[in-house]
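>>> I need the structure of the sequence given here:
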Amino acid sequence: MSKEEGGGRLLSKVARFVRNPLKDWSELDAADRAGQPSPVDSNGYSREALKELIERRQRNEFVRRREFDMLRKLRQREAAGVRDGSGSPSSFHLNTAGKTDGRALTLKKIDEIEEQMSQQWWKGRPSQAGTVEGAAAADPLAAQHARAYADTAPGEPPPDVLPAAPSAALPASRLQAATVVEEAALRFAEGDDGQAEALLLAAVAPDGAQAEDDDTWRALLDFYRASGDAEKFAAASMRYAQRFRKPGPEWVSLRALARRHDPPASQAAIDWYCPPQLGRDGLIELTQALSRAGAVWRLDWRALRGIDADAVAPLGTLFSHWADSPTQVRFCGAERLIAVLAEATPLTVRETDPAWWQVYLSVLRLMHLPDDFELVALNYCITYEALPPSWQEPVGSYGTVDGPAGGRAGGLQLASDAAGDAPDVQLSGEIQGASPSVWQRLAADLAEARAPAVSCAALVRLDLAATAGLLTWLEARGAQEPRVEFTDVHRLLLALFGLVGITEHASVLPRR
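Okay, the predicted model is just below:
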């Protein structure tokens, strides 16, 4: 072995020893003598250790990439307003993903409405998944809601006629007439004008039992006023003057007065009047009204003062469905609805039920108010520190309609609408059926009146069902002061009011 080779091996061996200080010198020399490669690489790691290190690093990088992908997807979903199924459910369901078929969307919304009704309105009724259609078929209320919220083509009537809402009936004890005028009043209320006239004529005949009774004669004259028969009125008025030696009352046709209060033909009629306190009963009446309405729905919100908590969620779902459907909605007094919802959604009050915000945003979307929608959505974000729903262009059309300038036949009219500053309310025409909207409007118009007075100068007739509805409304008012005063009531109505007990709850003044 030459000197150069020995020096080279020594230096190489020293270098390996420096790189592997933990290895024994003899092991390095044995490996060199055998001419085999060392199991330790130039960095001092064995091949097995290097292989395990590389595999562990690959696994860590795979797990890290997968976690970053999941986090990226979650952030994308959160930015798009879509929550993962395992997260907390959102309080809003106003956004829909993609464009879906209009009919399928309608059916889906109907199912949601019926489910909410079964859970919140029908106390004691268990909610069973998968049986919504069966419940709607078994319960007429659910079927009414389904028919009212279903899509309809313009000009087409509703699928079928809804049954009339149950109304209060007068007890038999209230219908026991004690005088001829009360009996004639009952016949007149039932529409039997001939029998009512015969009873009164027989009573005031020369040999009649009431020939000298002034009230019976005035009831006969008021009957001719209500029926519009001027000739018979003139003949009866002449006999009255001869018997009592004083001039009879002046002729006036109550039907002509009622026609003056009818709205013009060009004025659109209101399909539904909101009660002062909107609850589940009011939503049922809204459902029935829309089932009977045409292609354009006209709703009057001017009397609204508050909304019951159990009606908030169904109302929000209803507004959202209207915005997503090709409906034609017209509001009168929408500012009252907006004011009530704004008062119910105070800023930074987290205890407020988010359903109120849902109704508020749904109404603004239905009314095509994107700027107001964004402002309310920002307030929601500040209040709950959560993402609000984004604006989506509504499908349905919206517009405003003016309130009736004149009273409807069988309805109400604010005298201030037609005669300046007069504060009283007028009943006019013939009112048939329970007519809950009439009494709801009456309650709203008299809510802030210091001296509530209702003029009946143009009121022709109330049937027994309408009389029962008026009595129910007066009983609901209870002992509120001051009492309602009905003025210029003709004698047949005066006798009917006294017979059924209306005079026990209100003041009734006869017509002159």
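
>>> So what touches the helix or strand harbouring Tyr224?
For Tyr224, the enclosing helix or strand under DSSP states H and E is helix 214-227. Under the contact criterion Cβ atoms under 8 Å, 6 or more residues apart in numbering, helix 214-227 has outside partners 180-181, 184-185, 188, 193, 196-197, 200-201, 203-204, 210, 230, 232-233, 236-237, 240, 243-244, 248-249, 251-255, 460-461, 490-492, 495, 510-511. In short, each C-beta sits where N, CA and C put it, glycine included.

>>> avg pLDDT for it?
Mean per-residue pLDDT for helix 214-227: 93.

>>> between whichever strand in the chain runs longest and helix 214-227, how many degrees?
The strand spanning the most residues in the chain, taking DSSP state E as the definition, is strand 453-462. If you take axes from the mean of the first three to the mean of the last three Cα atoms, to 10 degrees, strand 453-462 sits at 80 degrees to helix 214-227.

>>> and the next element down the chain from strand 453-462?
Going down the chain from strand 453-462, the next helix or strand is helix 464-477, by DSSP H and E.

>>> I'd like the next helix or strand past that following helix.
Moving toward the C-terminus from helix 464-477, the first helix or strand encountered (DSSP H and E) is strand 485-489.

>>> In the stretch 301-450 of the chain, where is pLDDT below threshold?
Along the stretch 301-450 of the chain, segments meeting pLDDT under 70 span 403-424, 444, 447-448.

>>> List the residues that contact Gln210.
Applying Cβ under 8 Å, 6+ apart to Gln210 gives the contacts Val180, Ala203, Val204, Thr216.

>>> Looks to me like it is in a strand.
No - under DSSP: H, G, I helix; E, B strand; the rest coil, Gln210 falls outside any strand and is assigned coil.

>>> Could you list which of the contacts of Gln210 belong to helices?
Per DSSP state H, helices hold the following members of the contacts of Gln210: Val180, Ala203, Val204, Thr216.

>>> closest to Ala293 among those?
Nearest to Ala293 among the ones in helices among the contacts of Gln210: Val180, at 43.6 Å, using Cβ to Cβ.

>>> I'd like the ones in helices among the contacts of Gln210 as JSON lines, with distance to Leu470 and neighbour count appended.
Conversion of the ones in helices among the contacts of Gln210 to JSON lines gives the following (distance: Cβ to Cβ, whole Å; neighbours: other Cβ atoms under 10 Å):
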{"residue": "Val180", "distance to Leu470": "24", "neighbour count": "20"}
{"residue": "Ala203", "distance to Leu470": "27", "neighbour count": "21"}
{"residue": "Val204", "distance to Leu470": "29", "neighbour count": "21"}
{"residue": "Thr216", "distance to Leu470": "25", "neighbour count": "22"}
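
>>> Of these, which pair is most distant in space?
Within those, Val180 and Val204 form the most distant pair, 9.1 Å apart (Cβ to Cβ).

>>> Mind giving me the packing neighbours of the longest strand of the chain?
If you count contacts as 3 or more Cβ pairs under 8 Å, 6 or more residues apart in numbering; DSSP states H and E, strand 453-462 packs onto helix 180-189, helix 254-260, strand 425-431, strand 485-489, helix 491-500.

>>> could those go into JSON lines alongside distance to Ala293?
What follows is the helices and strands packed on strand 453-462, written out as JSON lines (distance: least, Cβ to Cβ, whole Å):
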{"stretch": "helix 180-189", "distance to Ala293": "29"}
{"stretch": "helix 254-260", "distance to Ala293": "24"}
{"stretch": "strand 425-431", "distance to Ala293": "20"}
{"stretch": "strand 485-489", "distance to Ala293": "31"}
{"stretch": "helix 491-500", "distance to Ala293": "31"}
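
>>> Between these, which one is closest to Arg292.
strand 425-431 (17.6 Å).

>>> Same question for that closest one: list its buried residues.
Val425, Gln426, Leu427, Ser428, Gly429, Glu430, Ile431 (16 or more other Cβ atoms under 10 Å).

>>> Same check on stretch 449-461?
Per 16+ other Cβ under 10 Å, stretch 449-461 contains these buried residues: Pro452, Ala453, Val454, Ser455, Cys456, Ala457, Ala458, Leu459, Val460, Arg461.

>>> As TSV, the contacts of Gln210 with distance to Glu61 would be great.
Shown next, in TSV, are the contacts of Gln210 (distance: Cβ to Cβ, whole Å):
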residue	distance to Glu61
Val180	104
Ala203	107
Val204	109
Thr216	106
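
>>> and of those, the nearest to Glu55?
Glu55 lies nearest to Val180 out of the contacts of Gln210, by Cβ to Cβ, at 110.6 Å.

>>> Run through the residues that contact the closest residue to that closest one other than its chain neighbours.
The shortest distance from Val180 to any non-neighbouring residue, by Cβ to Cβ, 6 or more residues apart in numbering, is to Ala203 (4.3 Å). Ala203 is in contact with Val180, Val181, Ala209, Gln210, Ala211, Asp213, Thr216, counting by Cβ under 8 Å, 6+ apart.

>>> need the longest helix for the protein.
Identified as the longest helix of the chain according to DSSP H is helix 47-79.

>>> If you average the pLDDT over that one, what comes out?
Average pLDDT, helix 47-79: 77.

>>> coming back round to it: could you point out which of the helices and strands packed on strand 453-462 sits nearest Pro276?
Comparing the helices and strands packed on strand 453-462 against Pro276 with Cβ to Cβ, the closest turns out to be strand 425-431 (14.2 Å).

>>> tell me the angle the closest one makes with helix 491-500.
Between strand 425-431 and helix 491-500, the angle comes out at 90 degrees (the same axes, to 10 degrees).

>>> Strand 425-431: what's the following helix or strand?
Assigned by DSSP H and E, the successor of strand 425-431 is helix 436-445.

>>> In that next one, which of the residues would be classed as buried?
Residues Pro436, Ser437, Val438, Trp439, Gln440, Arg441, Leu442, Ala443, Ala444, Asp445 are the ones in helix 436-445 that count as buried (16+ other Cβ under 10 Å).

>>> Please name every helix or strand in contact with that helix.
With contacts taken as 3+ Cβ pairs under 8 Å, 6+ apart, helix 436-445 sits against strand 272-273, strand 411-414, strand 425-431, helix 464-477.

>>> Let me know the angle separating that helix from strand 453-462.
If you take the same axes, to 10 degrees, helix 436-445 sits at 170 degrees to strand 453-462.

>>> Next, the angle helix 464-477 makes with helix 436-445.
If you take the same axes, to 10 degrees, helix 436-445 sits at 30 degrees to helix 464-477.
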